[in-house]
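K.L.:
here is my input, please return the structure:
(chains A and B)
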Amino acid sequence: MDALPPHQRPPMRELGRRTEAAEMPFRHHQSLCQRPSTSLGTSGSFPPLVTVHRVGNRIEIAAASPEAQALGLAPGMPLTQARLLVPEIEVRDADPEGDAAVLTRLALFAARRWTPRAAISGADGLFLDLGGVSHLFGGEAAMCRRILAFCARAGFSARIAVAGTPSAAHALARFSGTGLCPPGGEGDALAPLPLAALRVEEGVLAAARRLGIETVGELAAMPRAPLQRRFGKTLLARLDQALGRAAEPFDPVVPEEPPAAELRFVEPIATAEAIGEALRLLMERLVGTLAKAGLAARSLALLCERIDGRVERIATGTARATRDGPHLLRLLSMKIETIEPGFGIEAMRLVAGRCESLGPEQLSGEKPAPDLALLVDKLAGRLGARRLFRRSAVESDVPERSVRRVGPLAVAVPWPRWPRPVRLLSPPERIENVFALLPDHPPRRFTWRGRLHNVRRGDGPERIHGEWWRHGREAEAVRDYFQVEDEEGARFWLYRRGDGDDPRTGDLSWYLHGVFG
Amino acid sequence: MSYHELQVTSHFSFLRGAASPEELFSAAALLGYPALGITDCNTVCGMVRGLKGSRETGVRLIAGCRLDLVDGTGLLVWPEDRAGWSRLTRLLTIGKSRTVPEEGPAIPRQGEKGQCFLHWEDVDPWSEGLVAALVPDEADGVTETALAQMAAIFGDRAHCALTHRRRPGDKLRLHDLDVLARRYGVRSLATGDILYDSPDKRMLQDVVTAIRNKCTIDDLGFRRERYADRHLKKPEEMERRFADYPDAIRATADITERCTFSLTELSYQYPDEIVMSGRSPQEALERLTWGKIDSKIPPDEPPEAYRELLEKELGLVAHWGYAPYFLTVNSIVAYARSQGILCQGRGSAANSMICYVLGITSIDPVKHGLLFERFLSESRAEPPDIDVDFEHDRREEVIQWIYQTYGHDHAALTAVVSRYRTRGAVREVGKALGLPEDVTAAIAGQIWGWSEKGVEERHVDELGLDKSDPRLSLTLDLARQLIGTPRHLSTHPGGFVLTRDRLDDLVPIEPAAMVDRRVIEWEKDDISELGFMKVDVLGVGMLGCMRRAFELLAEHKGLRLDLASPEMQEDDEETFNMICKADTIGTFQIESRAQMSMLPRMKPREFYDIVIQVAIVRPGPIQGDMVHPYLRRREGKEAIEFPSEALREVLFKTKGIPLFQEQAMKVAIVGAGFTPAEADALRKSMATFKFTGGVSKFEDKMINGMLDRGYTRDFAERTFKQIEGFGSYGFPESHAASFAKIAYASAWVKCHHPDVFCAALLNAQPMGFYAPAQLVRDALEHGVEVRPVCINKSRWDCTLENPPPDGEDLLPLRLGMRMVKGLSNLHAAQIVGARAERPFASVEDVWRRSGVPVAALERLAEADAFASLGLDRRQALWQVRRLGEKPLPLFLFADARDREPEVALNPMTDGREVVEDYRSIQLSLRAHPLAFLRPELERRGIVRCSDLPRIKDGTRIRLAGIVLIRQRPGTTNVTFLTIEDETGIANIILWQQRFQAQRRIVMAAPMIEVRGLVQREGEVIHIIGERLEDHSGLLHSVGQMHFPHRFSPADAGKNGGGRDPRDAPRPIPEETIRVKSRDFH
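P.N.:
Below is the predicted model of the structure:
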């Protein structure tokens, strides 16, 4: 195009239709680049890798690595057949969401780097609208080379084609080797391509093939009315779109910026009060922005640019998404004193790094239960988020494993109905001088920490088996727990290793594992 | 005071219990229990196994059941007597026939809780004669209500089960329960709530629970069985634990005393038959058989032999009282005959003169010298086993007739307990232990078919897995334990139980997955253990084919034949000549690769040779290395000798080599001093060795017995090995004879009427070993003219047309519309109906007059059926596609047609036509795809299949063809390939090493080139493959598109490696395909 004299160059709008499609035949490439070695697998050179997905009752190959494709494994082949052909293939589950996420990231990158208008095409392609941008990269050909080089560096194998319509670019990128299609040359470029290049559904495609219509050129040469009668509108519509006779929607991705507010100062500020005041102002604006977008913040960062060019940063997170200005302000204000103003701060920026959409709020009526989140945020701000937790029960009979920490606002699983001591000793302490009848009677007396306890009452045994699937040692282990009360009314949780019958289950030694309140 | 264990859950409470009834009983015997009560959840399907265990150990079985009511109450019931048992089975039948409307129909096959829906109101009317115990949780209001119900319903038979759970507050809980029960006048009962026989099974128990909950063991959490001590404990220990409740212990003894019911009391009544009309069954049977025998005696045979045999058999039948059974089978067969459904008895019934006279079988026992003893003998109290094969596609009519005639309350199918085998066990245990799915799949893939041996070390090594990984080794270990555990009940394809009294008085009945079928809870073996009668109504596709052949013969050639006709009894020389040449494509049983390669060496000359032929190409004889010695002796290369005079009689007919199950048993009897019952037990234990064990007991007895009688150790061991193979993969002689009968009949038709044979075979598809393309090709080679599918000539079935005037013998075969892929029978019928008026003139004409949818016409156009209208495929399709969804009013239609511009379509290349033929009708009458490639192939120096007979042994050649069949027999290390070019078929042998090196080509390429050595063995030619080349690209070029490669039924390229799943041990699945291609795999 650069060869054309300026007055013959197509106008901007037409340039806007120049579209290219980049394609990745091997999806989910990332697992290839950073392939973790499984503990069970053999090491060595890359074995052929396929990803699989379930289609109805059978498992099919979704994508195959170049090594696998070289061995004749192709997408759509049932996994059982593939295993038959290549017993040593490595199989992973397909991750269409992950693939889509990678593609979206790539599209966003393209939108920032190459052209403002980039769109996702199917599961494996991108449309880039080159209208008005290719000259920035040294022309279409040079730009294509740069894009391909970028893709290769990023680990994608890509193909690229430039044409006047998205459909034509799509077809050429997938079914032909040629990259650049001269303006208006779409018809000629597409003519030798198979009909499948037009993105028509399989049924129409098969019917057309039956009638001997194999290529786009053959289709274009046929009278339209009989075709429409036999194949419906879509086939001709696709053809028209490819040849630029009909418009095609283009749905570009829009890069999203995190909500932020910014202040620049005429005079640099340095005092905590001034920073606090500026922060209040920023917060007001940010909350307004968030409210408009229907979002609420999970994390906030305040960036202060000092005149010496350094950036001071304070940040906070919230336990639940909120756009409660005063609350957020309180959380950040606590940290203002950690800011080093140096010779002064000339700009401040408040960014909501993580946002979530906020559910509806109750405006009136019954008073809602007090919101713990505010308190949690405050405590977490003081103590550190890791020190704040709640206990939840785990479905395990082994006492040491029956508890775990969960987040302060998470729903804790209620305790099972069987009584457990309020305090567990970790590790359990050995007790001496135990006098108990075998096989299943609670002890009459025992010595713990040098003190003799005479047991008045006892209940048990509660027989707890080891969790054999966790550790070989636990396969046969048994603990018989007893709840006992001594003469003074103190209650203890004791256990004996072994079931008192079978020596394999334990050595019959006694331990104290907990005390009741 | 003596404790009896009454609450035991076996593994027949699917995925709840972890031990078999046999294991539980032997543990109970060891611990000194005099009786054991089995209470599975809502089922009694393990009860017969329990009875077996009880017989073996002497511990009495107290039959019972745990009823899990819809409201969550658990109720144990034990019938006191026979009447109580009937009430229990009726009650279970009611619960199982229910579905919960809001959740849709219950899934009967899952064997899960939720399949049986019972309420307190149901229990009440059926409670008489049942001793019951409530399984309470805590002593709370729920229990209180339930106790009140118990007292009201069961009165003094009500109990409350006290069980130690080993959880906190256990003692107090028991005390409260005891007090509460007392308050309602319900007696406490000590139970152990047993899930397994020994503490070692705890892991397996957790695994089955995880499998049942479909989660991993790590996620199982509190869904595990958390109450401890679920194994059988000593009675003294239980008495010590329940020392505070002596009456609860006494109650166990009282129940044991009270429930005197034993399963052996279930007396079975044969259904009455109409033919009896006032006579006793024996009289009726005698009248029937004596009345018919004269017509069955061939004129050239001495009638005395027949009469004597019948006399003897009738005597035996009278002795055991089996006459009603014969009458019932006779009624079923008579019904099938009256409907024109072809049928034939198989199995040991073929040895019987009564069956022959009644027409149940068509093998003349005198002429073929079969032994009646295998069927019935004075020493065996087992009821006879008559299996009847019906035409596969009309079997349903017979089944529905049985239901109508005998009633749904008196007829039901037997169940089949599906059990875990190695593959399933590894897969499920691996899943439960959280192994990655592909690892378990890879391990399972290493297992050969139906193995029950568990995963061996070498399998894991071959995959390069780390055996020291704890989860992996746990998986392998637990999977081995899981093998043999039942997972659900499914329905036997055709085993019927028929009774005179209500069947649900004997055993619970539940609806089967198929509509209108009902199935009892017991298996075939259970039924025979109790002495019930069973008729197997099985399906064989070849019988359908033979019926069609007989109909065509009657219609076109005026020959009226059936399987019992004299033509089918006599040995026809021409037919045997054909069989000797291995020209048997399409015939029954003797058509497979393995069979065909054996035929020229066997050279069958009489019927009995076919019997041997059918039986010899089986895994049993092959594994026992009996085939080659037999062939050598037959060919006269080796002297026929007998290990002893005593065995001469046994082995005379098979030249000193035991080939049949009966012979193996006789060898055990004559050679090793087994009693006939022991020999039969030996055979049965082989078939099911994984459940019962005890094979080694027989092995020692057999080998020692033979050594004592002066046989060599080598012979003894060889014989034992063979019996081992027979257990699952051998044929009894009578069974082989039944199959040989059909095989001979089909060969006879093929030999004399190849036109009829081909038409009948095509109409009976899908069946058999070969695809339609090979069948048609075979017919063409036999001089049959085959005509293409035609819109104006074809009917649904393939038909025979009038011969051209020059007087050919063979009638031309017109392919039917059934060959057209995707065309429904209904639409074809509409077209044929509309055509009757006058032939169609155009595509629109067909459409308007027949009223079939456009899609149906499209299928026909794709099959090139409009050729007679002067339209080729594309033109026809072009015209069809123009038609709207509904015929338009005439004037509009004419309008639209006039305006259409002319369109020139690309003509199809010849190669493409062939490909399209294959795509639509699976064969082509034009040319073979390879014909188009021949110039190219010749340039490369590739020979034709038809050249092979002229090539010298040991020559190195190149050959190319489309792959028809790939087979990997489990017993050998070779792979067989059958390839086809335009001139014929060639067989390739690939040794293991060559196969491994070229695995992908073998398994995937639709067309290959083979370089290898010609090996001749008499008339049989094989190519020993050395190098293969993938020629799919070349094949692709024929039609410029993929060749529609159809896998043959035996093609290993389709299903995962390993032994073919169809190669099941008996019971033989219903479809013929399965039965027929059971060769070597």
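K.L.:
next one: the lengthiest helix in chain B to chain centre, how far?
P.N.:
Of all the elements of type helix in chain B, the one with the most residues (DSSP state H) is helix B:733-752. Here helix B:733-752 shows a centroid-to-chain-centroid distance of 21 Å under the convention C-alpha atoms, centre = their mean, to the nearest Å.
K.L.:
same check, this time on stretch B:797-817
P.N.:
If you compare the mean C-alpha spot of stretch B:797-817 with that of the full chain, they lie 37 Å apart, counting by C-alpha atoms, centre = their mean.
K.L.:
list the buried residues of that stretch.
P.N.:
Applying a neighbour-count criterion of 16 or more other C-beta atoms under 10 Å in any protein chain shown, one finds B:797, B:798, B:799, B:800, B:810, B:811, B:812, B:813, B:814, B:815, B:816, B:817 buried in stretch B:797-817. Quick note: C-beta positions are derived from backbone N, CA and C, even for glycine.
K.L.:
so what does the longest helix of chain B touch, helix or strand wise?
P.N.:
strand B:343-346, helix B:541-552, helix B:566-569, helix B:573-580, helix B:607-616, helix B:661-666, helix B:754-763 (3 or more C-beta pairs under 8 Å, 6 or more residues apart in numbering or on different chains; DSSP states H and E).
K.L.:
could I get the ones you listed as a markdown table with mean neighbour count, distance to residue B:265 and mean pLDDT?
P.N.:
Conversion of the helices and strands packed on helix B:733-752 to a markdown table gives the following (neighbours: other C-beta atoms under 10 Å in any protein chain shown; distance: least, C-beta to C-beta, whole Å; pLDDT from 0 to 100):
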| stretch | mean neighbour count | distance to residue B:265 | mean pLDDT |
| --- | --- | --- | --- |
| strand B:343-346 | 28 | 32 | 83 |
| helix B:541-552 | 24 | 40 | 88 |
| helix B:566-569 | 15 | 47 | 77 |
| helix B:573-580 | 18 | 54 | 88 |
| helix B:607-616 | 23 | 41 | 85 |
| helix B:661-666 | 25 | 32 | 74 |
| helix B:754-763 | 26 | 51 | 91 |
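K.L.:
make a markdown table out of those and add distance to chain A.
P.N.:
A markdown table is the format used below for the helices and strands packed on helix B:733-752 (distance: least, C-beta to the nearest C-beta, whole Å):
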| stretch | distance to chain A |
| --- | --- |
| strand B:343-346 | 34 |
| helix B:541-552 | 25 |
| helix B:566-569 | 43 |
| helix B:573-580 | 35 |
| helix B:607-616 | 30 |
| helix B:661-666 | 34 |
| helix B:754-763 | 25 |
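K.L.:
out of those, which comes closest to residue A:228?
P.N.:
Nearest to residue A:228 among those is helix B:754-763; the distance by C-beta to C-beta comes to 40.3 Å.
K.L.:
tell me what angle the longest helix of chain B forms with helix B:607-616.
P.N.:
With axes from the mean of the first three to the mean of the last three C-alpha atoms, to 10 degrees as the basis, helix B:733-752 and helix B:607-616 are set at 110 degrees to each other.
K.L.:
export only the CA atoms of the host helix or strand of residue B:700, formatted as CSV.
P.N.:
With secondary structure defined by DSSP states H and E, residue B:700 is part of helix B:695-708. As requested, C-alpha coordinates have been extracted for helix B:695-708 and formatted as CSV (Å, rounded to 0.1, in the frame of the first residue of the first chain):
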residue,chain,number,x,y,z
VAL,B,695,-8.6,-75.4,42.7
SER,B,696,-5.4,-76.7,44.2
LYS,B,697,-7.3,-79.3,46.1
PHE,B,698,-8.6,-80.7,42.8
GLU,B,699,-5.2,-80.3,41.1
ASP,B,700,-3.5,-82.5,43.7
LYS,B,701,-6.3,-85.0,43.7
MET,B,702,-6.4,-85.2,39.9
ILE,B,703,-2.6,-85.5,39.4
ASN,B,704,-2.1,-87.9,42.2
GLY,B,705,-5.1,-89.9,41.1
MET,B,706,-3.6,-90.2,37.7
LEU,B,707,-0.2,-91.0,38.9
ASP,B,708,-1.6,-93.8,41.1
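K.L.:
circling back: closest to residue A:181 out of the helices and strands packed on helix B:733-752?
P.N.:
With C-beta to C-beta as the criterion, residue A:181 lies closest to helix B:754-763 of these, at 52.8 Å.
K.L.:
for the record, mean pLDDT for stretch B:618-637?
P.N.:
Averaged across stretch B:618-637, the pLDDT comes to 76.
K.L.:
need the helices and strands packed on helix B:733-752 in CSV (columns: distance to residue B:649).
P.N.:
Conversion of the helices and strands packed on helix B:733-752 to CSV gives the following (distance: least, C-beta to C-beta, whole Å):
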stretch, distance to residue B:649
strand B:343-346, 26
helix B:541-552, 34
helix B:566-569, 26
helix B:573-580, 27
helix B:607-616, 16
helix B:661-666, 9
helix B:754-763, 40
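K.L.:
not counting sequence-adjacent ones, nearest residue to the one residue in the stretch 301-450 of chain B that gets nearest to chain A?
P.N.:
Among the residues of the stretch 301-450 of chain B, residue B:438 lies closest to chain A, at 4.2 Å counting by C-beta to the nearest C-beta. Ranked by C-beta to C-beta, 6 or more residues apart in numbering or on different chains and with sequence neighbours excluded, the top spatial neighbour of residue B:438 is residue A:91, at 4.2 Å.
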